[in-house]
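[1] below is the sequence, then the predicted model.
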Amino acid sequence: MPFMSYAALLQSLPTTTPAPIRFLLTFDDGPSASEYDNPSEKILHVLKTNPLQSDIKAIFFTQTQAKGAGGSEHGRKLLQRMHESGHELAFHTATPGHTNHRFLSEQELRSSLKQGIADLIDVRGSSPQLVRPPFWSYDEKTLAIYHENNLQMLLTDLSANDGVIYIFNFSFTKRKNMRKMLLALRSRWQAGELPGVDGATPIVVTFHDINRYTASHMEEYLEILLDVAKELEMPTTALPFYDKHDDMLRAALLKTTKDINPQQELPGIWNWLWSWF
């Protein structure tokens, strides 16, 4: 057998190429109850008609009882519109406010989930399968109660960090933020450690559809995602965003958190904050 150098041997070994990425868009806290310049309506319009990819489907983690969201007449109409447009309605809260599930008693949390599931059944005709905890705050108790109610918890890979806006609602770091978070995933993607389905590696991205700045810049956010993926040499699928409900839901269920360990990295300051509580 002829001698083969180490470099030649490495080149001869089979290599695996990770599946191209596909962005799975999610939105929290809506739908907006506003009768004026409604941000949820703007986002639905951009998802339906934009120059990058038309008819994008998304998952909306909804507040079904909040007066500023799904607890209003206008909010309930938007829930119906989202469902009829092929988006997935998932559970976020069914309390009057954006209540941290970890700070509820077990009875209160179970009652809240029961209410929210019933609210969503009224709209979608079936029980929701996905939940996202408010403030990304969860523990063994909340995760176990989610599972009791046949809800799977979906966190995120990337986030616009647009959920807590008190005074100045704008962002000068949209691109830098998305690039930083996608870069943090790249080594795991290259190593084939990220789960894949249907020939794609789903990357979950989180926005808030009650945020008017986000709504007004939604098309720009879509462009940024494609731009940073190209810059980081992480090719996307031919259709870079999900366009079929069932494909999207299958990808989402693949990405859900099955147990409390290892804890998933949370966006923004939340890992640091919840380490103190």
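    Yes, it's here. Values in this document were obtained by computation on a predicted structure and should not be read as measured data.

[2] now the helices: where do they sit in the stretch 51-200 of the chain?
    For the stretch 51-200 of the chain, the helices defined by DSSP state H, counting those that start in this stretch occupy 73-84, 106-124, 140-148, 174-190.

[3] for residue 217, find the nearest of those helices.
    helix 174-190 (7.2 Å; C-beta to C-beta). C-betas here are computed from N, CA, C, even on glycine.

[4] what's next to that closest one, contact-wise?
    18, 21, 157-161, 171, 194, 201, 203, 217, 220-221, 224-225, 227-229, 231-232, 234, 265, 267 (C-beta atoms under 8 Å, 6 or more residues apart in numbering).

[5] how about stretch 136-155?
    26, 59, 90-91, 100-102, 106, 109-110, 113-114, 117, 127-133, 204, 252-253, 255-257, 259-260, 264, 266-267, 270, 274, 277.

[6] buried subset of the contacts of helix 174-190 as a PyMOL selection?
    In PyMOL, this line selects whichever of the contacts of helix 174-190 come out buried by 16 or more other C-beta atoms under 10 Å:
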select buried, resi 18+21+157+158+159+160+161+171+194+201+203+217+221+224+225+228+229+234+267
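
[7] JSON lines please, covering the helices of the stretch 51-200 of the chain and showing distance to residue 49.
    Shown next, in JSON lines, are the helices of the stretch 51-200 of the chain (distance: least, C-beta to C-beta, whole Å):
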{"stretch": "helix 73-84", "distance to residue 49": "15"}
{"stretch": "helix 106-124", "distance to residue 49": "24"}
{"stretch": "helix 140-148", "distance to residue 49": "35"}
{"stretch": "helix 174-190", "distance to residue 49": "21"}
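
[8] distance to residue 51, mean pLDDT and mean neighbour count for those helices - can I get that in TSV?
    Shown next, in TSV, are the helices of the stretch 51-200 of the chain (distance: least, C-beta to C-beta, whole Å; pLDDT from 0 to 100; neighbours: other C-beta atoms under 10 Å):
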stretch	distance to residue 51	mean pLDDT	mean neighbour count
helix 73-84	22	98	18
helix 106-124	30	98	16
helix 140-148	38	96	16
helix 174-190	18	94	16
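
[9] for these, which one sits closest to residue 243?
    Closest among these, using C-beta to C-beta: helix 73-84, at 15.4 Å.

[10] related to what we said a few turns ago, to residue 54, which of the helices of the stretch 51-200 of the chain lies closest?
    Across those, closest to residue 54 is helix 73-84 (C-beta to C-beta), at 16.8 Å.
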